[in-house]
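Q: Sharing a model that was predicted from the sequence below.
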Number of protein chains: 2
Amino acid sequence: MTACPLCDTPAGTVLWQDACCHVVHVDEPDYPSFLRVILNAHVKEMTDLPAVDQAALMRVVFAAEAALREVLAPDKINLASLGNLVPHLHWHVIPRFADDPHFPNPVWGARLRDTPHAAPATLTSQLAAALTLRLGRVPETE
Amino acid sequence: MTACPLCDTPAGTVLWQDACCHVVHVDEPDYPSFLRVILNAHVKEMTDLPAVDQAALMRVVFAAEAALREVLAPDKINLASLGNLVPHLHWHVIPRFADDPHFPNPVWGARLRDTPHAAPATLTSQLAAALTLRLGRVPETE
C-alpha cells in the first residue's frame, strides 16, 4: 500500500515487540551492535504522538540503551531520531567505542579508521534477553 | 572545576530553563534555528537518570520540537543525543528543510549545497514565547 520500508518489512532481526513498537538488531558491518526502535504506526514526528505514546516509545528506547550498556559496556551511547529519508518514527540506538570507525564523530560523519568493533557471537540472544528482562515478555498473539 | 563546556557556560542564548535543564538557541551559521536542550547536571547517559528525570528532560525536548514546528514549519525535525566529545547530556533539536545544506543527510553527514535557511529576525523571541507557552514560566529565583 505504502512505499515505506518500515511499514513493509521488520528492517532487521526483531529482538522484542509490543503493540507500540519493535526493536530490531540491524545488520550494519561497521556497527554490529546497532539497534533500532521502530514505531509500528506510520507517524512522522514525536510531537505527532500523544504524550502517553511518546512515553511508551521512549521507555523502549531507554531499555535498548540499558541492554546495550549491560551487554557491551560501550564508551558512549548515541540516540537519534532523524527520518529525513524514511519519515516513519524510528530511533537509532548505537553503542560507540573509542576505536570504532568514526569515534568521536557521529556515525554519519567523517570516517577515521577501519576498525569495526567485533560483536560477540551470542549478541542477538544476549540483547533479546536483556530487553525482555527490562520490558517483559509480550504474548505473540497481542 | 571541570573541563566541561556545558558545565561552565550556557553554550548559547538561553530561551527557557528550570531546575532540570535549559534550552539554548545555538549560533550555527548553516542551521540558524538549531536548539539544544542541556541537562543542568553533569550526567553522561539517559539511563544514568532516574525515570522521572528522563521524562522531565524529554518533555522539554518535545516542547522544543513543538516550538520549532509552530514557528518554522520545517520539513522534518531531527533529534539526537550523542555526546561523544562532550559527555554531558544534551539533545540536539534541529529543524530540517529540503533545501538546507545537508538534507536529506544528517547535519553531520556530507554537505550537498550552500543554501543556509534564513531565520526570521524575531526567531529567538518567537521560540522563547512558544516554549514558555508550552512549559510555563519558571521563576528566575528557582
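A: Thanks, I have it. Numbers count the residues shown, from 1 in each chain, chains lettered A, B, ... in the order given.
Q: As a check, name the ranges of all strands in chain A.
A: A:13-17, A:21-25, A:35-39, A:76-81, A:90-96 (DSSP state E).
Q: Determine the set of other helices and strands touching the first one.
A: Spelled out, that is strand A:13-17. strand A:21-25, helix A:123-135 (3 or more CB pairs under 8 Å, 6 or more residues apart in numbering or on different chains; DSSP states H and E). Using the backbone N, CA and C atoms, a C-beta is placed for each residue, glycine as well.
Q: Any idea which of the strands of chain A gets closest to A:Gly136?
A: strand A:13-17 (9.2 Å; CB to CB).
Q: Run through who's touching that closest one.
A: The contact list for strand A:13-17 (CB atoms under 8 Å, 6 or more residues apart in numbering or on different chains) reads A:22-25, A:27, A:35, A:40, A:60, A:124, A:127-128, A:131-132, A:135, A:138.
Q: do the same with stretch A:46-55
A: With CB under 8 Å, 6+ apart, stretch A:46-55 has contacts from A:20, A:39, A:43, A:57, A:81, A:89, B:55, B:58, B:62, B:65-66, B:69, B:77, B:79.
Q: picking up where we left off before, CSV for the strands of chain A, including distance to B:Leu85, mean pLDDT and mean neighbour count?
A: Converted to CSV, these look like this (distance: least, CB to CB, whole Å; pLDDT from 0 to 100; neighbours: other CB atoms under 10 Å in any protein chain shown):
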stretch, distance to B:Leu85, mean pLDDT, mean neighbour count
strand A:13-17, 30, 96, 18
strand A:21-25, 27, 97, 22
strand A:35-39, 22, 98, 24
strand A:76-81, 10, 98, 22
strand A:90-96, 11, 98, 24
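Q: Tell me which of the helices and strands packed on strand A:13-17 is the most buried.
A: Scoring the helices and strands packed on strand A:13-17 by mean neighbour count under mean count of other CB atoms under 10 Å in any protein chain shown gives strand A:21-25 as the most buried, with a mean of 22.
Q: tell me which parts of chain A are close to chain B?
A: A:44-47, A:54-55, A:58, A:62, A:65-66, A:69, A:76-85, A:87, A:96, A:103-106, A:108-109 (CB under 8 Å from any CB of the partner chain).
Q: that older thread, which pair of the contacts of stretch A:46-55 spans the longest distance?
A: A:Cys20 and B:Arg69 (22.3 Å).
Q: about what we covered before: figure out which of the helices and strands packed on strand A:13-17 is closest to B:Ala3.
A: Of all the helices and strands packed on strand A:13-17, it is helix A:123-135 that lies closest to B:Ala3, at 33.4 Å by CB to CB.
Q: So A:Ala110 is in contact with A:His102, correct?
A: Yes. If you go by CB atoms under 8 Å, A:Ala110 and A:His102 touch, sitting 7.0 Å apart.
Q: More neighbours: those two, which one.
A: Higher neighbour count among A:Ala110 and A:His102: A:His102, with 19 against 11, using other CB atoms under 10 Å in any protein chain shown.
Q: What number of residues are in the vicinity of A:Pro29?
A: Other residues close to A:Pro29 by other CB under 10 Å number 8.
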